[in-house]
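> Got a predicted structure plus its sequence, pasted below:
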Amino acid sequence: MAKLTSNLDDSELDFGNGDFGEPDDKSSGQLADFGQFDESMRKGFFQDDKLEFLKDLNLNVYIELGRTKMQIKEILELERGYVIELDKLASEPVDVYVNNKKIAEGEVVVIDKHFGIRITNLVDTAERLTGMRQ
């Protein structure tokens, strides 16, 4: 059984039975002195820039030109030069996906020998956020 002797009034506290003794009015203590907290530098969930901390995340972006269905036999016969016909017309907009969620439509453009997409239509914000609020 552990015993602790207090130097305040020479009383003994017995920790063996869970009895911690009565509070003593003779104990002297001081309040902790904390410095001022500068709220002006605080940024968090309750500020106007709630999403600021998410802006540097990398997300998967892909463009879907169209789709088609093929039998396994046709896929096995694919070779160089084979053309696969898609379900969209060349004049139809392509779909822009971010993390498997359609966010926009656009048209294919060529920029210095690279393909690009000019956004022509954004999916409604409420529709884009469906499934995020749970």
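Sure thing, it's come through.

> got any ranges where this protein has weak pLDDT?
1-28, 37-49, 131-134 (pLDDT under 70).

> hey, which strand is longest across it?
Here the longest strand in the chain is taken by residue count, with DSSP state E as the criterion, and it is strand 101-111.

> list the helices and strands that strand packs on?
strand 94-98, strand 114-122 (3 or more Cβ pairs under 8 Å, 6 or more residues apart in numbering; DSSP states H and E). Quick note: C-beta positions are derived from backbone N, CA and C, even for glycine.

> ranking those strands by burial, who's on top?
Among the helices and strands packed on strand 101-111, ranked by average contacts under mean count of other Cβ atoms under 10 Å, first place goes to strand 94-98 (a mean of 17).

> ok, back up a step: please tabulate the helices and strands packed on strand 101-111 in a markdown table, including the columns distance to Asp87.
Below are the helices and strands packed on strand 101-111 laid out as a markdown table (distance: least, Cβ to Cβ, whole Å):
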| stretch | distance to Asp87 |
| --- | --- |
| strand 94-98 | 12 |
| strand 114-122 | 19 |
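
> do you know which of the ones you listed lies nearest Ile72?
Comparing the helices and strands packed on strand 101-111 against Ile72 with Cβ to Cβ, the closest turns out to be strand 94-98 (25.9 Å).

> and the closest one with strand 101-111, angle?
Per axes from the mean of the first three to the mean of the last three Cα atoms, to 10 degrees, the angle that strand 94-98 makes with strand 101-111 is 120 degrees.

> what about the helices in this protein?
All helices of the chain, identified by DSSP state H, fall at 72-76, 125-129.

> Select, out of those helices, the one closest to Glu64.
helix 125-129 (16.1 Å).
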